[in-house]
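Novice: For reference, the sequence and a predicted model appear below.
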Amino acid sequence: MKMMRQRRRARGLRELRLVVADPRSRAVRRRVAKQVARLDPDSERDALEWIESVSEFDADATR
C-alpha cells in the first residue's frame, strides 16, 4: 500500500477516504425521506433551471 501511495503521489494524486451515511440503513432512508418531503418544489425547480443554464453555458466553452 505504501508503494502504491508513493506512486500515486508522484503522479500528483492523493488518496481520499469518505465516510457517508449508509443508504441501506432504514434510519438513514427515513431521515432522507423526511428531508426530501420538506423541499420546496419551486425552489428546487429554480435550482435545477440554474444548473441546466450553467451546464449549457459550460458546454460551449473551449476545453
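Specialist: Thanks, I have the structure now. Numbers count the residues shown, from 1 in each chain.

Novice: can you give me the helices for this structure?
Specialist: Using DSSP state H, the helices of the chain run over 2-10, 26-37, 41-59.

Novice: How far does the first one sit from its chain's centre?
Specialist: In terms of C-alpha atoms, centre = their mean, to the nearest Å, the centre of helix 2-10 is found 26 Å from the chain centre.

Novice: Can you show me the CA trace of it as PDB?
Specialist: Below are the C-alpha coordinates for helix 2-10, written out as PDB (Å, rounded to 0.1, in the frame of the first residue of the first chain):
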ATOM      1  CA  LYS A   2       2.800   2.400   0.900                       C
ATOM      2  CA  MET A   3       4.500   1.900  -2.500                       C
ATOM      3  CA  MET A   4       1.100   2.400  -4.300                       C
ATOM      4  CA  ARG A   5       0.500   5.600  -2.400                       C
ATOM      5  CA  GLN A   6       4.000   6.800  -3.300                       C
ATOM      6  CA  ARG A   7       3.500   6.100  -7.000                       C
ATOM      7  CA  ARG A   8       0.200   8.000  -6.900                       C
ATOM      8  CA  ARG A   9       1.700  10.900  -5.100                       C
ATOM      9  CA  ALA A  10       4.400  11.000  -7.700                       C
END
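
Novice: nearest to R17, of the helices of the chain?
Specialist: Closest to R17 of the helices of the chain is helix 2-10 (C-beta to C-beta; 12.2 Å). Bear in mind the C-beta positions are built from the backbone N, C-alpha and C, glycine included.

Novice: any idea of the mean pLDDT for the closest one?
Specialist: The pLDDT scores in helix 2-10 average 93.

Novice: mind listing what's buried in that helix?
Specialist: Buried residues in helix 2-10, counted by 16 or more other C-beta atoms under 10 Å: none are found.

Novice: Residues in contact with it: which ones?
Specialist: With C-beta atoms under 8 Å, 6 or more residues apart in numbering as the contact definition, helix 2-10 has outside contacts at R14, E15.

Novice: again with stretch 23-39
Specialist: A21, D22.

Novice: Now do it, average pLDDT.
Specialist: The pLDDT scores in stretch 23-39 average 96.
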